[in-house]
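Student: Need a 3D model of the following:
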Amino acid sequence: MQQRDTFTVTEPGCGLDSHLWIIVSDPVEYPDQVFGLNVTTWCDGHSDNACILDVGDHPWIRRKSCIYYETPKIFINKQLDLLESKRLLTLHERLTESVFNRVLQGCMESRHLETGWVDMLVHQGVISYS
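Tutor: Model (predicted):
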């Protein structure tokens, strides 16, 4: 896995199914703390405005969507590789740098991403406070 990679998990009931996940942190530098966010369908009045995605931002996106900053996940890179080798994880096209930068900007702007997560991303050098 690499930063900006996207994937879906094909294992039903695992809690990750039906969403596109984005690798935000660098899995090479921090293989035991791979920070991931998911894409979910936009729901007017209920969704986070920090990063709205639409058709054309990624081939998987077929309607107005957003990054769900409220429940990020920490993955272990070896576990992701194992899921991929067992075909329980499907890699999709990487995010473009411009879309990924919007996701990162949303990390700083979202009211739903807890400070501890932001601090971790700053510590990992993914985003900065300045």
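
Student: So which residues of the chain form helices?
Tutor: Assigned by DSSP state H, the helices in the chain fall at 77-85, 97-109, 115-123.

Student: Just the buried residues of the second one, please?
Tutor: Read that as helix 97-109. 99-100, 102-104, 106-107 (16 or more other C-beta atoms under 10 Å). All C-beta atoms are positioned from the backbone trio N, CA, C, and that covers glycine.

Student: Do a quick rundown of the strands in this protein.
Tutor: 6-9, 20-23, 34-41, 52-53, 65-75, 89-92 (DSSP state E).

Student: Run through the residues that contact the spatially closest residue to L53 that is not a sequence neighbour.
Tutor: Using C-beta to C-beta, 6 or more residues apart in numbering and skipping the chain neighbours, the partner closest in space to L53 is S65 (4.6 Å). Shown in contact with S65 (C-beta atoms under 8 Å, 6 or more residues apart in numbering): 39-42, 52-54.

Student: now do 10 Å
Tutor: Residues counted as contacts of S65 (C-beta atoms under 10 Å, 6 or more residues apart in numbering) are 19-20, 38-43, 47, 51-55, 57-58.

Student: That one and L91: what is the separation?
Tutor: As judged by C-beta to C-beta, to the nearest Å, S65 and L91 stand 19 Å apart.

Student: D81 too?
Tutor: From D81 over to L91 the distance is 11 Å, taken as C-beta to C-beta.

Student: Q3 too?
Tutor: For Q3, the distance to L91 - C-beta to C-beta - is 13 Å.

Student: Repeat that for S130.
Tutor: From S130 to L91 the distance is 33 Å (C-beta to C-beta).

Student: hang on, the earlier thing: show me which pair in the contacts of S65 is furthest apart.
Tutor: Greatest spatial distance in those: C43 and H58, 18.8 Å, computed using C-beta to C-beta.

Student: quick one: which of those two has more around it?
Tutor: H58 (20 against 10; other C-beta atoms under 10 Å).

Student: ok, now which ones touch that one?
Tutor: Here H58 is in contact with 6, 20, 22, 39, 65, 92-96, 99 (C-beta under 10 Å, 6+ apart).
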